[in-house]
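Undergrad: got a predicted model here, sequence first, then my questions.
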Amino acid sequence: MTITGELFIGNKTLKGENGTLTAIAAATGEALEGAFGGASQADLDAAAKLAFEAFFVYRDTKLEERAAFLEKAAENILAVGDELIERAMAESGLPRGRLEGERMRTVNQLRLFARVVREGKFQDQRFDPADGERTPPKPDLRLRKVGLGPVAVFGASNFPLAFSVAGGDTASALAAGCPVIVKAHPAHPGTSELVARALQKAVIDCGMPEGTFSMLHDSGYEIGGALVAHPLIRAVGFTGSRKGGLALMDTAAKREVPVPVYAEMSAINPVLLFPEALKARGDKIGEAFAASLTLGAGQFCTNPGLILAVEGEALEAFTAGAIKALKAIPAQTMLTPGICKAYQDGVARLVSHDDVSELAEGLEGDAYHGQAALFETTAASFLKDKSLHDEVFGGAGLIVKCADLAELETVVDSLEGQLTAALHITEGDHAAAKKLMPKLEMLAGRLLVNGFGTGVEVSPAMVHGGPYPATSDARTTSVGTMAIDRFLRPVSYQDMPVALLPEALQR
Ligand SMILES: NC(=O)C1=CN([C@@H]2O[C@H](COP(=O)(O)OP(=O)(O)OC[C@H]3O[C@@H](n4cnc5c(N)ncnc54)[C@H](O)[C@@H]3O)[C@@H](O)[C@H]2O)C=CC1
Ligand SMILES: O=C(O)CCC(=O)C(=O)O
């Protein structure tokens, strides 16, 4: 398939004329096939108008039809075939195995939401019958949840399939009955085009209203901002930097009618090593940590960037295991030259920090490669300098040595909101771990034991979220079936004649 660089506005494609963006090969920095035309305000208005009109039809589609549409989208993505994987590899620098896995995750996520839609429980229908005998008389009340309206989706650079055009935000918004306008990520515009084509075809194949799906390119930040500000957009899903997420939250808050922005931003995902676990298997935990830290060049928002432990011999065994493993890990291509530069700058800041020691580096790589790095500091220094709490997006980890468990708890108290917190424990650590549980529940969206947070299971019981700045709204998740709730709101029907009630509430 030729990459056309076009915009997808409802069922049409057209070349944007508001500037151009070029796809870059992550491994070499060279330009790839396709010049992507940026959308204008008029293109955005057209997509938003179609989405808003589509909403009134799409939200009332039969659940079976909506589910079949999601399944068709999954089928069409698979039908793109190897070209999708090849293009995503070139644009993101991620290896084939990872992207094939991510494609299945994307497809299965759409299929999972199809099952959620078919089941219908997300509508949360409630029936509270009238009671005329009561004083005062009680009205007949019925409730269901409905879609919010058109949703803007900003996909993530680090998951060009599972968190992008047809990723979790899009799947959950479509499942909720909301049309979607995607602002394509500039790091993988060709991958985005191939997936957008599959989604547009699914809309047509299934006879869904035109405007159920659109995708725009932005040659800068103008159209992304205008999309969030657009009066016909009713919610926003975002995965990316804290700076980007905050800018879009600010735009949404300043609208005449503010709308929710579900932004997943930065996290350093603390890993707490408890004394008995360290004594029992410190070196093994160290090795496993180095592997998780450097998975996908460390470009996961769930990356375990921070180790907290009590200093001593057992921690030294962990550190030795991590250093040995890390030194043998090859540098890997990073997603974009910009992300690579931000990583190198972050590592350089740690290297030159007076209170931080560099323990190890991974193997050296080429210009666009991220070289893993491991650092160490004391709890006192970490508590003193808030800049040490910042995410360094990539394979860099910081060990914080605490004098005792009380100091470790003080460090936990000082942390910003996180996506995950991991505990490494044996039974002998249960009492100490239990003491920290209330604080950890306040800190993170997911608490996990004897593992690391990378590799998020798409499950009904998953929370991929957490208090600010991990996300903009700790009440939600962007992965798993509960993600649908972000794009729904409840409507109550009081003493409504049956003829006026939505079909699902007529009984
Ligand atoms: N926590 C996480 O899940 C992730 C964090 N990151 C962080 O973000 C950095 C840059 O990565 P990107 O993916 O490029 O994130 P980004 O936040 O710069 O961009 C994400 C998306 O938002 C758009 N955008 C950003 N700022 C905007 C603004 N002010 N107005 C309108 N649109 C805007 C971009 O065009 C892109 O489509 C990384 O170095 C890393 O630090 C990146 C990926 C995932
Ligand atoms: O680890 C995962 O599977 C998902 C992580 C994620 O959401 C991210 O890195 O943006």
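TA: Looks like it arrived, so ask away. Ligands and ions are numbered 1, 2, ... in the order given.

Undergrad: from the stretch 51-200 of the chain, which residue is nearest to ligand 1?
TA: S157 (3.2 Å; C-beta to the nearest ligand atom). Backbone N, C-alpha and C define where each C-beta goes, glycine included.

Undergrad: list the contacts of the residue in the stretch 401-507 of the chain that ligand 2 sits nearest to.
TA: Residue nearest to ligand 2 within the stretch 401-507 of the chain: V456 (3.6 Å; C-beta to the nearest ligand atom). Counting by C-beta atoms under 8 Å, 6 or more residues apart in numbering, V456 touches 302, 462, 464, 479.

Undergrad: now for those residues, which pair is the farthest apart?
TA: Across the contacts of V456, no pair lies farther apart than T302 and M462, at 11.5 Å, counting by C-beta to C-beta.

Undergrad: looking at these two, which is more packed in?
TA: Comparing T302 with M462 by neighbour count (other C-beta atoms under 10 Å), the higher total belongs to T302, at 22 against 18.

Undergrad: need phi/psi at the more buried one.
TA: Main-chain dihedrals, T302, degrees, to the nearest 10: phi -100, psi 10.

Undergrad: cool, F300 as well?
TA: Dihedral pair for F300: phi -120, psi 140, per degrees, to the nearest 10.

Undergrad: quick check: closest non-adjacent residue to it.
TA: Spatial nearest neighbour of F300, excluding adjacent residues (C-beta to C-beta, 6 or more residues apart in numbering): T454 at 4.9 Å.

Undergrad: how about E222?
TA: Leaving aside its chain neighbours, E222 sits nearest to N18 (7.6 Å; criterion: C-beta to C-beta, 6+ apart).

Undergrad: again, but for E193
TA: Closest to E193 by C-beta to C-beta, 6+ apart is I3, at 5.8 Å.

Undergrad: do Q506 as well
TA: Nearest residue to Q506 in three dimensions, chain neighbours excluded: V498, at 5.2 Å (C-beta to C-beta, 6+ apart).

Undergrad: surely that neighbour meets R142?
TA: No. Between V498 and R142 there is no contact under C-beta atoms under 8 Å: 10.2 Å.

Undergrad: which of those two has more residues huddled nearby?
TA: Set V498 next to R142 and count neighbours by other C-beta under 10 Å: R142 wins out with 21 against 8.

Undergrad: distance of the more buried one relative to P502?
TA: According to C-beta to C-beta, to the nearest Å, R142 and P502 sit 9 Å apart.

Undergrad: tell me which element the closest residue to ligand 1 within the stretch 1-150 of the chain is part of?
TA: Here the residue of the stretch 1-150 of the chain nearest ligand 1 is L21; by C-beta to the nearest ligand atom that distance is 9.6 Å. Using DSSP states H and E, L21 sits within strand 20-24.

Undergrad: mind giving me the packing neighbours of the next helix or strand after that strand?
TA: Per DSSP H and E, strand 20-24 leads on to strand 31-37 as the next helix or strand towards the C-terminus. When contacts are defined as 3 or more C-beta pairs under 8 Å, 6 or more residues apart in numbering; DSSP states H and E, strand 31-37 packs onto strand 20-24, helix 82-92, helix 189-205.
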